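A.B. asks: need coordinates for the below:
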Amino acid sequence: MDKDLHSIDNLFRSAIEPHEESPSPELWQALDAMLNKQETDNLRKKLSVYRRIAAVLIFMLLSHSLYDLMIIHKNGGKNYATIFSDADSIINTKREASITDQNESMPNKERARNIRNENIRSNFSATKRDINKNNTPSAYNTKDIAADKKDKIMHYSPSSGKIITGVAALPEKDSGFADASKEKDSINIFEKADTSVANKKNIAVLPEFKPSFSITPLIAKEWAKYNLENNIENNGTGQSEENKDEVAQRENQEPSFTAGVLINYQFREDMSVQSGLLYSRTAISIDPHTIYAAKAPDGSLAYRYNSSSGYAYLNPKFDQPVNVGDSIYTSDAQHNLTYISFPLMLKYKKNFSKLYFAPSLGLTANILLSSKIQTELKDASNTEKITISKLKGLNHFYAGYMFNVELGYNLNDQWAVNVHPYIKNAITPINSTNIVKTYPYSVGLGLGISYKF
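C.D. replies: Predicted coordinates for the structure are as follows:
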């Protein structure tokens, strides 16, 4: 009896093992699909969070830029440097008025010398401020000052106490200036630099920045792709007969193109806001495959054609009536989508003589213009051409973001040629009640020509 109790495990094992059954392949596939769905859901939640964070950051960046733009318009189109310059002019005017009052009691010769010295201080301070503001050498290093732009050269005239425009050589000696320099409170406008050398040099003064518009027609070639997510719960049927892997396997993205116009408003020397209108055409080829009959929303039976963008119900004329479970073969298909996009981007510009580098980042609003699938339905003895001009489940609008890098060459003050490598990505899906959610993205290279006015 005790011996039998110790071997009771073996007794039950020997009785049960002959009745063991292995799980069917369908069960393992269902478990794998369930696990994949959980992983996909987790990844989808993370990607959704990242998209929202990116959208918020871009919105904050654009809002800050628009705020700066409003400040500039509020001050009559003047930038901050111009505003400060105007304030300095007011201060200098008041200073001159005060000195004039003080000089009323002075002899004529001394009064004239003081007024000339004050003019020297005001005019040279303005010139020095303009030079430093535009990152050009100051008066301390006169040998590095550019003198090749003759229409933008200014000189100090000691005899008149003013800065005048011209390219003629200045006199090295001036009795009026020499007398003024001997006075205890006189001003040496070149400070530590040698005046005899400084008088031989020209002071380059760059023109003050003014806001401007520019327009850029461009055409680009694109290489489009998309990210897919399973959408079984909202696919219109609740069935999981197809998933994102099957859809992605039979669809092939073809080179596409974009053409349009970008409008740029330069509100600062290195910053601008860019918008415009872009027309995009995406091409997708779809391999031959079998489609099955399903119940349409109106209760009728038809063959359901699924794609990454949307779906349609088809009723070939040679196969009536359609029964549940029927199938039919489709040939190669051509799928085209056209959108019109409205970008709103913030652009930074860095000049390198004739060349410039201008990256931009912003949001895009994309509106569907048309969707079309052309294919053929075939059975053993019949063929019928089908054109699907309206896909179900395809949204009329989706939001995205765009990163563009403009590399250009200035032909002159108004015209420039440029290239535009860029990336576009969707923030929201282009469809809703489809077997998959589709987030398109693309890499493009464009050519453009810009006109500034």
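
A.B. asks: so where's the stretch 1-150 of the chain uncertain?
C.D. replies: Along the stretch 1-150 of the chain, the parts satisfying pLDDT under 70 run over 1-7, 9, 11-13, 15-52, 55-56, 58-150.

A.B. asks: quick one, strands of the stretch 151-300 of the chain?
C.D. replies: 153-157, 162-165, 203-204, 212-230, 251-266, 271-286, 289-295 (DSSP state E, counting those that start in this stretch).

A.B. asks: would JSON lines of those with mean pLDDT be doable?
C.D. replies: Shown next, in JSON lines, are the strands of the stretch 151-300 of the chain (pLDDT from 0 to 100):
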{"stretch": "strand 153-157", "mean pLDDT": "46"}
{"stretch": "strand 162-165", "mean pLDDT": "48"}
{"stretch": "strand 203-204", "mean pLDDT": "49"}
{"stretch": "strand 212-230", "mean pLDDT": "93"}
{"stretch": "strand 251-266", "mean pLDDT": "94"}
{"stretch": "strand 271-286", "mean pLDDT": "95"}
{"stretch": "strand 289-295", "mean pLDDT": "90"}
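
A.B. asks: between those, which one is nearest to residue 436?
C.D. replies: With CB to CB as the measure, strand 212-230 is the member of the strands of the stretch 151-300 of the chain nearest residue 436 (4.6 Å). Using the backbone N, CA and C atoms, a C-beta is placed for each residue, glycine as well.

A.B. asks: walk me through the domains of this structure.
C.D. replies: The chain breaks down into these domains under automatic domain parsing: 80-204, 210-452.

A.B. asks: and residue 351, what element?
C.D. replies: Under the criterion of DSSP states H and E, residue 351 resides in strand 350-352.

A.B. asks: could you pull out the helices for the chain?
C.D. replies: Counting by DSSP state H, the chain has these helices, from start to end: 2-6, 8-16, 25-74, 80-102, 108-133, 175-182, 195-198, 244-250.

A.B. asks: just checking, residue 301 touches residue 323?
C.D. replies: Yes - at 6.8 Å, residue 301 counts as touching residue 323 under the criterion of CB atoms under 8 Å.

A.B. asks: now for those two: what residues contact both?
C.D. replies: Residues within reach of residue 301 and of residue 323 at once, by CB atoms under 8 Å, 6 or more residues apart in numbering, are residue 293.

A.B. asks: excluding its backbone neighbours, what's nearest residue 425?
C.D. replies: Of all residues not flanking residue 425 in the chain, residue 441 sits nearest, at 4.2 Å (CB to CB, 6 or more residues apart in numbering).

A.B. asks: same check, this time on residue 359
C.D. replies: residue 405 (4.9 Å).

A.B. asks: who's in contact with the one you found?
C.D. replies: For residue 405, the contact set (CB under 8 Å, 6+ apart) comprises 357-360, 420-422.

A.B. asks: filter the residues you listed to the buried ones?
C.D. replies: 358-360, 420, 422 (16 or more other CB atoms under 10 Å).

A.B. asks: buried residues in the longest strand along the chain?
C.D. replies: The longest strand of the chain (DSSP state E) is strand 355-378. Neighbour-count burial for strand 355-378 flags 356, 358-364, 366, 368, 371, 373-375, 377-378 (criterion: 16+ other CB under 10 Å).

A.B. asks: and the angle from that strand to strand 251-266?
C.D. replies: 150 degrees (axes from the mean of the first three to the mean of the last three CA atoms, to 10 degrees).

A.B. asks: what angle do strand 355-378 and strand 289-295 make?
C.D. replies: 70 degrees.

A.B. asks: and residue 265, how far is that from residue 344?
C.D. replies: 11 Å (CB to CB, to the nearest Å).

A.B. asks: find the residues that touch each one of these two.
C.D. replies: Joint contacts of residue 265 and residue 344 (CB under 8 Å, 6+ apart) are 273-274.

A.B. asks: ok so, going back, mean confidence score for the longest strand of the chain?
C.D. replies: For strand 355-378, the mean per-residue pLDDT is 95.

A.B. asks: pLDDT score for residue 166?
C.D. replies: At residue 166, pLDDT is 47.

A.B. asks: for the one 4 residues further on, same thing?
C.D. replies: Predicted confidence (pLDDT) for residue 170: 41.

A.B. asks: which one of the buried residues of strand 355-378 is nearest to residue 314?
C.D. replies: For these, the residue nearest residue 314 by CB to CB is residue 377; the value is 6.6 Å.

A.B. asks: surely the closest one meets residue 314?
C.D. replies: Yes - contact criterion CB under 8 Å: residue 377 and residue 314 qualify, at 6.6 Å.

A.B. asks: intersection of neighbour lists for these two?
C.D. replies: 303, 386.

A.B. asks: what about residue 283, distance to residue 252?
C.D. replies: 10 Å.

A.B. asks: out of those two, which sits in the more crowded spot?
C.D. replies: Neighbour totals were compared for residue 283 and residue 252, and residue 283 leads with 16 against 12 (other CB atoms under 10 Å).

A.B. asks: next one: the more buried one from residue 257, what distance?
C.D. replies: 9 Å.

A.B. asks: for the closest residue to residue 277 other than its chain neighbours, grab the count of nearby residues.
C.D. replies: The shortest distance from residue 277 to any non-neighbouring residue, by CB to CB, 6+ apart, is to residue 260 (5.1 Å). Neighbours of residue 260 under the rule other CB under 10 Å: 20.

A.B. asks: dump the residue contacts of residue 414.
C.D. replies: 451-453.
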